[in-house]
Every structure is written in structure tokens, then in C-alpha cells.
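*Asks:* Curious how this folds, go ahead:
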Amino acid sequence: MPKRPTTSIDVHIGRRVHELRKAHGLSQKALAEKLAVSYQQIQKYEKGTNRAALSTLLEIARLMKISPAYFFEEIEAFKDLAPIAMANFTANSVAARRNTSKAAQAEAAEIQTLIGAYLAIRDPAARRKALLHLASLSKI
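*Replies:* Okay, the predicted model is just below:
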């Protein structure tokens, strides 16, 4: 079966991987080691010449402590999705992975509020600054 060509979505996702890696101060080699792939594979993901598997994107999101939705933001095909629907989806998936204690429910509500606020930022530059700021706080 011939390999499907990559698309503009693959390039967009690759850019997002690159931004996250840089924001977390990781080299391609360091990220590659965490994902058990070669640094050349990270290069290919970042350039959009290779398509990253969903499992890889989920692992990157877990490592970077972000929502997997980050990779798909600002893709024209997804512009019609309501921000609150994305926030609900993300908060619910976090809650489903954890137990249903009151603390977990409160955390899910907090996450939903945070994601909703982030997704409501329409200016892409402001959105990136907010993400980078939160990423830097997570290193404390």
C-alpha cells in the first residue's frame, strides 16, 4: 500500500510540536528519547514530512501537560467547533481518567474553566503567549 502524502494539517501539527518542544526547552534529541523515537523522526514530525500518530500526539500532550486539542487549534477544518464544546470534551476526558471523588470533580470543573478561557482568546499571538506563560508556570 503506498504511503499517503502529508497534508497542510500535518504541517500545522508539526509546527505545534515544534512550538511546544521549544517552550519546554527540549532539544529534538531529548523529546525523541522521551517518545522512544529517533531525533530524525522528531524533525520529520516538526516539518510535517511524516504524519504523527494520534498515540504520539497524546503522549506529547501528556509529557507537556497540555490538552491534545492544542494540536488541532486554528485548523480551518475545525473552526466551526464551539470552544465550550472542546472545553467540555477535554474536562470530561480528564475526569474519566481519574476517580469521581469531589476533588476530581472540582479539578475537572477547574480544567473546563481554564480551557474555556483559553479557547475564548481569539488573537493567535495572545493565545500562544498565554500557553507559553502557563507552560513556564508548570516548571515551578
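*Asks:* pull the helix or strand with minimum mean pLDDT from this structure.
*Replies:* Scoring the helices and strands of the chain by mean pLDDT, DSSP states H and E places helix 83-97 at the bottom, with a mean of 53.
*Asks:* and the next element down the chain from that one?
*Replies:* Note on helix 83-97: by DSSP states H and E, the next helix or strand toward the C-terminus is helix 102-120.
*Asks:* For that following helix, buried residues please.
*Replies:* Ala108, Ile111, Gln112, Ile115, Gly116, Tyr118, Leu119 (16 or more other CB atoms under 10 Å). In this view, the C-beta of every residue, glycine as well, is placed from N, C-alpha and C.
*Asks:* ok, these vs Ile75, which is closest?
*Replies:* Lowest distance from Ile75 to those (CB to CB) belongs to Leu119, with 13.4 Å.
*Asks:* ok, now which ones touch the closest residue to Gly14 other than its chain neighbours?
*Replies:* In space, and not counting its chain neighbours, Gly14 is closest to Gly48: 4.0 Å by CB to CB, 6 or more residues apart in numbering. Shown in contact with Gly48 (CB atoms under 8 Å, 6 or more residues apart in numbering): Thr6, Ser8, Asp10, Val11, His12, Ile13, Gly14, Arg15.
*Asks:* List only buried entries from those.
*Replies:* Buried among these (16+ other CB under 10 Å): Thr6, Asp10, His12, Ile13, Gly14.
*Asks:* Does anything pack onto the helix or strand harbouring the last one? Which helices or strands?
*Replies:* Gly14 belongs to helix 8-23 when elements are defined using DSSP H and E. Applying 3 or more CB pairs under 8 Å, 6 or more residues apart in numbering; DSSP states H and E, one finds that helix 8-23 makes contact with helix 39-47, helix 54-64, helix 124-137.
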